[in-house]
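K.L.:
Sequence first, then the predicted structure:
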Amino acid sequence: MKLPALLITLSLSLSLTSSRADDAPLVRTWTPLFNGISHGSFQLSEPRLIRAEVLKIDLAAKGLQFLTTPDNGTRDGETDAITTSTFLTNEKCQAAINAAPFDKVYANPGGPENVQGLMRRNNQTISPPDGQPCLAITANLTASIHHDDHGAPESATTVVSGFAVLLRDGTITGKDTKLHPRTGAGVSADGKTLWLITIDGRQSKWSGGATTPEMAAWLQSLGADDAINLDGGGTTTMVIASPDGKPRILNRPIHLGIPGRERPSGSHLGIIASPLTPPKN
């Protein structure tokens with residue numbers, strides 16, 4: 001590594017850890033929600049106020065199933081814009097996030113969308129590849145991240161694309177230094193652990209957003225070896241199912257500048273999971 005790059009990496013590492021005790025884990029407590037899915041969160045005061053939500057998925061857990069947004073049949077576009085909460089409800093998922101970028105922002109749900117990059121649902125291609133980086137999940141639940149969605153494995157039955165690869169083989173590659181709400185995904189070296197993260201932004205008294213190098217560093221500290229930047233901004237949303245099945249928004253989205261309002265998205269990634277197994281006496 002060249003010296004300037006080394007100094008930048010060290011500076012980034014120091015700035016991201018300055019607001020918590022040395023060697024303290026980024027997420028202090030993981031709460032199991034469903035079989036294979038745990039939830040954690042973290043809040044930082046430096047380099048600005050930051051609030052983030054994280055789902056950790058054990059891909060070796062039994063009963064997991066991944067879904068993306070369905071096509072919209074004969075309507076214009078590829079999918080219809082719906083909120084992540086509506087997607088979770090419609091698909092009977094236990095957890096969901098917004099996923100790939102899409103072409104139009106609507107004030108309200110229902111408009112047709114064209115999704116950027118490859119999106120597969122149950123091995124059906126909803127949106128064709130166009131050279132975007134992607135997150136791919138195979139039928140045997142192994143996850144991987146690729147620089148070009150043309151290179152997604154044929155065995156990948158679930159695929160969503162994003163803006164950029166942030167982390168590759170443990171090296172931070174994210175370069176966008178603008179502060180925005182962010183949605184990202186990280187994958188362990190063996191492809192059997194998946195982290196989904198949302199970082200709120202555009203709300204200075206709540207959370208000021210993040211750069212992509214920052215998000216990459218946080219995913220790396222959680223254990224990811226590879227990571228991808230999914231669609232963010234006003235679309236960033238993470239939702240789980242409450243015990244009654246109704247959606248519960250974990251983060252604070254900001255659609256049209258309104259804190260707490262969800263943006264209709266053309267692409268989502270959902271997880272169906274079984275209830276937690278009660279401990280044996």
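P.N.:
All right, it came through fine. Numbering: from 1, shown residues only.
K.L.:
what are the ranges of the strands in the stretch 1-150 of the chain?
P.N.:
31-34, 37-44, 50-58, 65-68, 79-80, 95-98, 112-113, 119-121, 124-127, 134-138, 143-146 (DSSP state E, counting those that start in this stretch).
K.L.:
strand partners of the third one, parallel vs antiparallel please.
P.N.:
Sheet neighbours of strand 50-58, with direction, are listed as strand 37-44 (antiparallel), strand 193-199 (antiparallel) (DSSP bridges).
K.L.:
Okay, helices next: where are they in this structure?
P.N.:
Here the chain has its helices, by DSSP state H, at 3-17, 84-91, 212-222.
K.L.:
who's in contact with the shortest one?
P.N.:
Residues external to helix 84-91 that are found in contact with it (C-beta atoms under 8 Å, 6 or more residues apart in numbering): 67, 69, 82, 93-98, 109, 237-241, 245-247, 249, 262, 265, 268, 270, 272. (Glycine included, C-beta is placed from N, CA and C.)
K.L.:
avg pLDDT for it?
P.N.:
Confidence for helix 84-91, expressed as mean pLDDT, is 99.
K.L.:
Likewise for stretch 225-241?
P.N.:
99.
K.L.:
Quick one: distance of that stretch to the chain centre.
P.N.:
Counting by C-alpha atoms, centre = their mean, to the nearest Å, stretch 225-241 is centred 3 Å from the centre of its parent chain.
K.L.:
now stretch 207-217
P.N.:
Taking C-alpha atoms, centre = their mean, one finds the center of stretch 207-217 at 13 Å from the center of the full chain.
K.L.:
quick one: average pLDDT of it?
P.N.:
Stretch 207-217 comes out with an average pLDDT of 98.
K.L.:
Quick one: end-to-end distance for it.
P.N.:
One end of stretch 207-217 to the other measures 18 Å (C-alpha to C-alpha, to the nearest Å).
K.L.:
Can you pull out the residues in contact with that stretch?
P.N.:
The contact list for stretch 207-217, computed with C-beta under 8 Å, 6+ apart, reads 12-13, 16, 48-52, 164, 166-167, 172-182, 184, 197, 199-202, 218, 227, 229, 252.
K.L.:
Of the strands paired with strand 50-58, flag the one that's most buried.
P.N.:
When the strands paired with strand 50-58 are scored by mean count of other C-beta atoms under 10 Å, the highest mean neighbour count falls to strand 193-199 (a mean of 26).
K.L.:
could you check the angle strand 134-138 makes with that strand?
P.N.:
Put simply, strand 193-199 runs at 140 degrees to strand 134-138, going by axes from the mean of the first three to the mean of the last three C-alpha atoms, to 10 degrees.
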